[in-house]
Every structure is written in structure tokens, then in C-alpha cells.
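A.B. asks: Starting from these lines, generate the structure:
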Amino acid sequence: MAGEVAAAAAAAVPVADPDPTAAAFFDVDNTMMRGASIYHFARGLASRGLFTTKDLIRFALGQAVFRVRGDENPEHIAQARETALAFVAGSKVEDIIRLGEEIYDEVMADRIWAGTRALAQSHLDAGQRVWLVTATPVELARVIAQRLGLTGALGTVAETENGVYTGRLVGDLLHGPAKAEAVRALARREGLDLSRCSAYSDSANDLPLLSLVGNPTAINPDSELRDHARQQQWEIKDFRTGRKATMIGLPIAAGAGAVAGGVAAAVALRRLYRSR
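C.D. replies: The predicted model follows:
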């Protein structure tokens, strides 16, 4: 359901001299961008007084539980869903888009991996469409895609009434298998040959997406994805420096359990917020 909804909400930018049956699909968090885009957006809202420190920490806890070690526990997914919806409930769509543009320019633009951006550009130069595929709300995902000059974005779709977010999702979070469903639906709509398509991600959560295309690449991979990529002889690219197992951006302990990761996030966030 989430995949069909995301594909239906996608709008493409025309490509000059197109290669009509090939496209590239990029995950966002820790693949195209250092850290979690939704977290950077939350920090931007907090800096504008739209979140309290307590709200920001609570949000980080929910997202940390969801991200650490690819936790698929239904309760954790529900918690991540609720914290994601806390962003937009009662807000006007046009306001969220405007804030997304401002916060991207202020906070996110400098966090784009140059190597991943170059890979995306190489597909564009070859006349192929390039889509972001992310659990981030689709409005924010579109802002990122537009700023990078990409074709468009598939993201989580929030319900709206009269231009205002209701606090409910249409479908579910675009995560894990839902990403593959969205790309499959988009391929049917756009006439893509998935065997000629490429996909890029940092997370083993995206194995359904990576396994769907003919040219998968692991970018800044977690340990599980790195092992799988080696077994399958997929290309691996790592643009990080320092400890490559460290998740950059959202300050969580990548090797810890979900609860421990959430606590680490809260402590680090409190220190970070006080230093602003």
C-alpha cells in the first residue's frame, strides 16, 4: 500500500535526450546525505522555536529506535510513525515545504556526500531519470530532489485536508519492502526496465530495493549490507572517513540495542542543543 501511494504521488522532471527504460534510485539518509534528513529538519524546526528541547529528544528517541540495527519490531515502527507525524499534524503543506527549503539550504546542503551526488549526476548525464526513495515525508524528499536537480522523489505520504496535514498517513512509512513496492509501481507507470536500473543504499533494510534492480550498489554500508554485497559481488563505495562502522549525523550508538541507542541519542542531543 505504501509503495503504490508513494508512486502515485511522484511527479517527474523531464530529462533531455532521455534513456527511457533506465533509471537510478537513491536512498537519502547516510546514502545521499550524512545523517538522517528528518532529524536535520527537526533541528531546523527547533531552532525556529517550533519544537522544545523535550520534543526534539523525544523525536530522536523514536527515530533512533527505528534506525538502530534496522529494527523491524512492529511497536518500534509504530513509534517511528507517530514521531514522524508529530512534525506535520495541523500544519499547512505550503508552510512545511517553505520550511523544508529553508532548512535544506541552512543545514542539509553541506551534508550531501559529494561522491554520491556525482554518481547521481552520472546517471542524469546518461539521460536516465534519478529518483530519491526514502521514508522521509515526500514533501521534504521533493525539496532535496529539487535542490539536487534530480527527477523526483518517492517518500512517505501524509494525509491532508484543505491543504493541512491531518496527522495520519496515506498507507504506511516508505520503509524496507515498501520501497521496492514503490519502485516497482513507478517502473510500471514509467515503462522502466528494472534490469537496466540502478539502486544505491547504505542499509540492509533496503535489500528488497537493491535486489530488485540489475545494478545495485552499497554506499557507506552497514555491516550486514557490506557482507551481503560482498557475497553477491555488488559494487561497494564508501565515502566516509574515520570509523566506517559509525553512523554519521544522528548521534546514536550503531552497535547498541534499540534502547541503548535511544538513550545515547538523548544524551548527545541534550549536549548539542545546549551548545547552540
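A.B. asks: and N220, how far is that from L132?
C.D. replies: 16 Å (C-beta to C-beta, to the nearest Å). From N, CA and C alone the C-beta is placed, and that goes for glycine too.
A.B. asks: for A180, same thing?
C.D. replies: A180 is 15 Å from L132, by C-beta to C-beta.
A.B. asks: For these two, work out which one has more neighbours and name it.
C.D. replies: Higher neighbour count among A180 and L132: L132, with 27 against 22, using other C-beta atoms under 10 Å.
A.B. asks: quick check, that one in a strand?
C.D. replies: Yes. Judged by DSSP: H, G, I helix; E, B strand; the rest coil, L132 forms part of a strand.
A.B. asks: wait, what's in contact with it?
C.D. replies: 25-28, 32, 141, 144-145, 150, 152-155 (C-beta atoms under 8 Å, 6 or more residues apart in numbering).
A.B. asks: Kindly indicate which of these lies nearest T241.
C.D. replies: Proximity of the contacts of L132 to T241 (C-beta to C-beta) peaks at M32, which lies at 17.1 Å.
A.B. asks: now this protein, which segments are flagged as low pLDDT?
C.D. replies: 1-17, 51-53, 55-87, 242-276 (pLDDT under 70).
A.B. asks: Would you map the helices across it?
C.D. replies: 2-9, 37-47, 53-67, 74-85, 93-103, 114-125, 138-148, 177-190, 207-210, 223-232, 258-275 (DSSP state H).
A.B. asks: quick one: T160 and V93 touch, right?
C.D. replies: Yes. Look at T160 against V93 with C-beta atoms under 8 Å: they come within range, at 5.7 Å.
A.B. asks: tell me, what's touching these two both at once?
C.D. replies: Common neighbours of T160 and V93 (C-beta under 8 Å, 6+ apart) do not exist.
A.B. asks: gap between the nearest residue to E106 once chain neighbours are set aside and E159?
C.D. replies: Leaving aside its sequence neighbours, E106 sits nearest to G44 (C-beta to C-beta, 6 or more residues apart in numbering; 6.5 Å). Distance of G44 to E159, computed by C-beta to C-beta: 23 Å.
A.B. asks: neighbour count winner among these two?
C.D. replies: It is G44, of G44 and E159, that has more neighbours when counted by other C-beta under 10 Å, with 20 against 15.
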